[in-house]
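# here's a sequence, model it:
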Amino acid sequence: MSMNWNSPAHPEFLTTDNRRLSVNRIFCIAKNYEEHAKEMGGEVDRKAPFHFQKSFDALTFGPEVRYPSHTDDLHHEVELVAVLGHGGSNLSLEEAQSAIFGYAVGLDFTRRDRQAEAKEKGRPWEIAKNFDDAGVMGRVTPKAELPAMDNAAITLDVNDQRRQAGNINQMAYNPTELIAFLSTLQELKAGDLIFTGTPSGVGAVTRGDHLVGRIDGLEDLAIQLV
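Modelled structure (predicted):
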């Protein structure tokens, strides 16, 4: 299947080789690291991944990121983002791996107070997860330029203090497995982004904070909340 990157109504992300490619959809995986699931009072679902979506226009690239309204408890979540170069339905693991164009460092921001309210009332998480600048992504490194992304350290520093530290080998479901699963639910397409979950250590941030996300082999993501 050929790539279809030309969608001017969609935001564009930048690759490390200075190509501009269009975002299609944003899939976000929840509770994909055991220790993070525990710190949120839950556990990994070993039967199937759990996910939600953000609107593509909730995505930003920094370096300044707006602190949202309607929260007094905004939390950071550093993540590996897998970017699809092509899609399909009911992909095998081999096909899912082939569909990956590249990877980037991402930040998923959460109105944690609004999420707690939604959980208590049995409501969707949308108000907690989908808002202006709710997702941030760094430059995408093409997969062809990377070693296998199965054993990379992932960290987040806030104001030069380490907040999150883990390894992507701690995922319950690796990116290939996530893509294969998502493709059973709907047809995936070029430009789809998969935020693959966050390690433990999430916490509150506020205006003026400087955040740096790092994953071995990828370009750092540095932003400031304003």
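# any idea which helix or strand comes after the biggest strand by length in the chain?
The single longest strand within the chain, with elements called by DSSP state E, is strand 100-108. Scanning forward in sequence from strand 100-108 by DSSP states H and E, the next helix or strand is strand 110-111.
# tell me the strands beside that next one, with direction?
Paired strands of strand 110-111, with direction, are strand 74-75 (antiparallel) (DSSP bridges).
# what does the helix or strand following the partner strand rub up against?
Sequence order places strand 78-84 as the next helix or strand after strand 74-75, per DSSP H and E. Here strand 78-84 makes contact (CB atoms under 8 Å, 6 or more residues apart in numbering) with 13, 21, 24, 99-108, 137, 140, 149, 152, 154-156, 164, 168, 175, 178-179, 188-199, 213, 215. Glycine gets a C-beta too; all of them are placed from N, C-alpha and C.
# chain center to strand 78-84: distance?
For strand 78-84, the distance from its own C-alpha centre to the chain's C-alpha centre is 5 Å (CA atoms, centre = their mean, to the nearest Å).
# and for the residue lying closest to Thr196 once chain neighbours are set aside, the neighbour number?
Nearest non-adjacent residue to Thr196, counting by CB to CB, 6 or more residues apart in numbering: Leu80, 4.8 Å away. By the measure other CB atoms under 10 Å, the count of residues near Leu80 is 25.
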